[in-house]
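K.L.:
Sequence plus the predicted model coming up.
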Amino acid sequence: MTRTTIRSEDITAGQVKAADLASDAVTPFDDAGLQTDIAILGFKVAANGSLSKYNLVDQTIDAFEDATGIDASASTDEIRNASNYYSGKQDGAWVTGDRTSTVTATTDMSWATGSGPFVDVVNGVITYITGQSWFNASQTGYMRFDHGSGNTEVYSNSRWLYGWASANEGTYKWQGSNDALSWTDIGGNFTLTATPVADNVVRTDTHATMTSNTTAYRYYQCIYVSGNSTNDSGRRIQMQFYRADLNSNITLISNATTAEATPTKGDLVMTYTNGAGTATVNTDIKGWISRDDGTTYTQATLTDDGDTGGHTILTAHDLDISGQPSGTSMRYKITTHNQSVSKETRIQAVSLGWS
């Protein structure tokens with residue numbers, strides 16, 4: 001019968017040394033690859049089954065099939081796309097029904113009886129109200145919008161429209177400011193000219209378009225420069241603002257998941273794509289793990305582990321979180337940086353594990 005034991009007489013003196021029996025004599029098995037594979041399989045299961053964020057043992061999976069796994073109150077500027085990813089991309093759109101801004105104008109701005117000041121002066125849909133407003137002849141004037149303290153917008157392709165008009169409406173320009181004292185011109189001067197049309201008609205073919213603006217301002221104004229020599233029954237003025245395409249830096253924070261015991265290590269596996277430009281890992285995209293419900297985070301050093309389905313895989317295994325205050329409420333935080341219209345980093349899926 002074949003023996004399954006080793007007897008002392010089978011060992012020659014000096015063959016086995018103490019170092020051979022040390023705990024570090026054998027290279028431990030590295031399961032990082034398996035952890036990454038489990039996370040990727042989890043993403044595919046979520047996508048194939050249109051699953052919300054779900055939990056495994058000591059791990060949570062979210063492929064952003066919906067927004068239930070994200071703490072919207074703690075996250076900032078995150079926008080979930082219908083194609084199931086998060087970024088800071090906000091598509092441009094006409095601003096409609098904007099009544100939150102404070103609208104002011106110089107005293108030489110006249111208003112038709114019954115319409116009241118600033119009625120429908122901002123509207124993303126071309127409309128016209130009889131006898132709206134106009135600048136009196138030969139006067140310097142502006143129409144200004146204040147979005148309020150702490151509020152800014154980036155507008156482009158915005159328009160200054162008018163209706164029943166004389167042949168020469170004068171020269172104007174767009175300006176932006178954040179203190180209403182120092183103003184920056186947006187584009188150059190423009191002249192409004194048109195053949196008079198019937199009352200109650202908006203000359204949509206003759207307007208001044210604000211273009212190429214990428215700066216956020218609290219205040220916007222369209223200001224008279226020169227040339228308005230006659231009233232000639234006036235101008236019916238309407239401002240139409242187009243909110244520009246934006247791409248903000250985001251902070252994406254997960255809802256908390258409770259661990260069965262206080263973990264000392266964390267594992268992060270995530271995928272991302274470049275919607276525009278190219279993200280630099282650990283510069284334009286960063287990852288963090290918390291065990292105390294997001295009060296304390298430890299930043300992970302993300303490693304590029306290749307691609308899956310056109311998505312770049314980033315991993316960080318065995319991140320030491322033992323120095324954080326003791327806790328079992330696990331969260332991840334993903335942040336993007338240096339985002340712009342020419343750089344959009346899309347967070348496609350995230351797995352958080354712990355041990």
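P.N.:
Okay, I see it.

K.L.:
Three-state assignment for N48, please.
P.N.:
Under the three-state scheme (DSSP: H, G, I helix; E, B strand; the rest coil), N48 adopts helix.

K.L.:
That one: how many residues sit nearby?
P.N.:
9 (other Cβ atoms under 10 Å). The C-beta positions use only the backbone N, C-alpha and C, and glycine is treated the same way.

K.L.:
same thing with M330?
P.N.:
Counted with other Cβ under 10 Å, M330 comes out at 26.

K.L.:
any idea how far the residue nearest to T328 when sequence neighbours are not counted is from A244?
P.N.:
With sequence-adjacent residues excluded and distances taken as Cβ to Cβ, 6 or more residues apart in numbering, T328 is closest to A259, at 4.3 Å. With distances taken as Cβ to Cβ, to the nearest Å, A259 is found 43 Å from A244.

K.L.:
returning to what we had before: tally of neighbours for the residue nearest to T328?
P.N.:
Neighbour number of A259 under other Cβ under 10 Å is 19.

K.L.:
now the helices for the chain?
P.N.:
For the chain, the helices defined by DSSP state H occupy 32-49.

K.L.:
Break it down into its domains, please.
P.N.:
The chain resolves into domains spanning 32-89+248-354, 93-244 when parsed by automatic domain parsing.

K.L.:
rewinding a little: so who does the residue nearest to T328 touch?
P.N.:
For A259, the contact set (Cβ atoms under 8 Å, 6 or more residues apart in numbering) comprises D58, R291, T328, S329, M330, W354.

K.L.:
what about 10 Å?
P.N.:
With contact taken as Cβ atoms under 10 Å, 6 or more residues apart in numbering, A259 is in contact with D58, Q59, T60, G266, R291, G327, T328, S329, M330, G353, W354, S355.

K.L.:
separation between it and I61?
P.N.:
In terms of Cβ to Cβ, A259 sits 15 Å off from I61.

K.L.:
in stretch 145-153, what's buried?
P.N.:
By neighbour count on 16 or more other Cβ atoms under 10 Å, the buried set for stretch 145-153 is F145, D146, H147, E153.

K.L.:
now that stretch: mean pLDDT?
P.N.:
For stretch 145-153, the mean pLDDT works out to 83.

K.L.:
With stretch 254-267 instead?
P.N.:
95.

K.L.:
Least confident of the domains of the chain, on average?
P.N.:
Among the domains of the chain, domain 93-244 scores lowest, at a mean of 65.
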